[in-house]
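**Student:** Make a model of this:
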Amino acid sequence: MRTAKARRNTVRMRISRVAASLSALGLADYWILKHFSLTSSSLFSCRFFLILILSISLVYLVIHCYSFLAESRADRLARSETELKVLRAVINSLPDRIYVKDKQSRFILANRAVREFSAGSPDSDILGRDDFSFFPEEVASRFFNNEQELMRTGEPVSHSGWDEDASGRGTWTLTTKVPYRDEHGNIVGLIGIGRDITEQKHLEGSLVEAREEMRYKATHDALTSLLNRGVIMDLLSRELSRTRIENGCTLVLLADIDHFKLVNDAHGHVVGDELLREVARRLLGSVRSYDFVGRYGGEEFLLILNNCDSSLALDRAEEIRESICRDPIRTSAGAFPVTTSIGVLASREWGSMEVEEILREVDGALYRAKAGGRNCCQLSLPIPACQKRGETSNSQPSSSHSLCESYSRV
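**Tutor:** You can find the predicted model right below:
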């Protein structure tokens, strides 16, 4: 089939030929009149002959122009049909659900994916039908109302949600709908595209789980699942700052498992790890949901108890100690009785102190608890606080900064 450019060139050439013929006829008529003296009948015959030739040329031109126009129109129709076939093949090949609806939300175009999703078969005829023909009334009403609102406002919409097809199979779908306008700009329907994003959703879920797992591993101790040292130290700093602003009281406890090294040396690290995990579990069970428990190092655990009465600090520490040593801990090597020594500090008694100073004081209290026979709690108090509590002048401080109250049970 010739190209449009070739056809145009052919028409131009033929028009040029006719124009040349007309020019030649005009020149011939002028030359005859100038050089020959013709009678009226001869002149009439000559001009009649020239006009006849001109008429034939014009008919020839008209016929070729008509043929060109008819051929062009046929070519345009054939090209349009070809483009329409290609367009249909393209949208039917796409996995996305592509459709066009009229103002009553009835399908006027739908690709194979839409027909399979709505009617259960890619060969189903759904044109002229709406969603009420395929989906439960509740679902179809939701689709209809959303589409009518879109056509009323002219605002495109895009959302993702869980949709079920005609067979009941559910998929995550990203749906985009835009107004369908005629040549005058009036909204006469809508154009919709639905994309199955189920795989992406599963991938997102896996990424979220992986991120949460990484965050958990970065903030928790691998053996005991308690907060690790870095996190519990950050939380201690934050809570001390908060209680200073709110004029509250935070209890800081440092607990150590008594004679843990003996268990490790006698039965191995596996049994020692089992014992650490159970102590950690009991510690978590002995505090409130908004308190913090972390592994400080080795067999030591740091506890942060918020909004506590400083006068009840030893009582609270004693409850935690008893929850640990109440029952023997069962391990693969048998059951072991476990006791703990706990150093206690109430932040209100110490006023504004840095985290390092707080830890030094509570560690000193723990050391004195272990030196005093273990399986007990020691409260660290600054000297003025001890005097307020009625300490006598012959009480011997354990350091230049603090005295201790003890609470022990044998």
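
**Student:** For the top strand by length along the chain, C-alpha coordinates in CSV please.
**Tutor:** If you go by DSSP state E, the chain has its longest strand at strand 170-181. Only the C-alpha atoms of strand 170-181 are listed here, as CSV (Å, rounded to 0.1, in the frame of the first residue of the first chain):
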residue,chain,number,x,y,z
GLY,A,170,-9.0,-11.8,47.9
THR,A,171,-6.3,-9.5,46.6
TRP,A,172,-4.8,-6.2,47.6
THR,A,173,-5.7,-3.7,44.9
LEU,A,174,-4.5,-0.2,44.2
THR,A,175,-7.4,1.5,42.4
THR,A,176,-7.1,4.8,40.5
LYS,A,177,-10.2,6.5,39.0
VAL,A,178,-10.4,9.7,37.0
PRO,A,179,-13.3,11.5,35.3
TYR,A,180,-14.0,10.6,31.6
ARG,A,181,-14.8,13.8,29.7
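
**Student:** mind checking how far it is from the chain centre?
**Tutor:** Distance of strand 170-181 from the chain centroid (CA atoms, centre = their mean, to the nearest Å) equals 18 Å.

**Student:** partners of that strand, with directions?
**Tutor:** As defined by DSSP bridges, the strand partners of strand 170-181 come to strand 157-164 (antiparallel), strand 187-196 (antiparallel).

**Student:** On the three-state scheme, the residue nearest to the spatial centre of the chain is what?
**Tutor:** Among the residues of the chain, the one closest to the centroid is residue 204, at 6.5 Å (CA atoms, centre = their mean). In terms of secondary structure, residue 204 is helix; the call rests on DSSP: H, G, I helix; E, B strand; the rest coil.

**Student:** What's the separation between it and residue 111?
**Tutor:** 27 Å (CB to CB, to the nearest Å). For every residue, glycine as well, the C-beta is placed using N, CA and C.

**Student:** can you check residue 257 too?
**Tutor:** When distance is defined by CB to CB, residue 257 is 69 Å away from residue 111.

**Student:** Residue 303 against residue 253, yeah?
**Tutor:** Yes. Using CB atoms under 8 Å, residue 303 makes contact with residue 253 at a distance of 4.0 Å.

**Student:** who's in contact with stretch 347-355?
**Tutor:** With contact meaning CB atoms under 8 Å, 6 or more residues apart in numbering, stretch 347-355 is reached by 233, 236-237, 240, 243-244, 248-252, 310, 357-358, 361, 381-382, 385.

**Student:** Buried among those? Need that as a selection in ChimeraX.
**Tutor:** In ChimeraX, a selection of the buried entries from those looks like this (16 or more other CB atoms under 10 Å):
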select :233,236,240,243,249,250,251,252,310,358,361,381,382,385
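
**Student:** Quick check: closest non-adjacent residue to residue 339.
**Tutor:** residue 375 (3.8 Å; CB to CB, 6 or more residues apart in numbering).

**Student:** For residue 338, see how far away that neighbour is.
**Tutor:** In terms of CB to CB, residue 375 sits 10 Å off from residue 338.

**Student:** Go through the contacts of stretch 347-355 and flag which are in strands.
**Tutor:** Per DSSP E, the subset of those in strands is 251-252, 381-382.

**Student:** Can I get those in a markdown table including distance to residue 326 and pLDDT?
**Tutor:** Listed next are the ones in strands among the contacts of stretch 347-355 as a markdown table, based on distance: CB to CB, whole Å; pLDDT from 0 to 100:
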| residue | distance to residue 326 | pLDDT |
| --- | --- | --- |
| 251 | 21 | 96 |
| 252 | 23 | 96 |
| 381 | 28 | 88 |
| 382 | 33 | 86 |
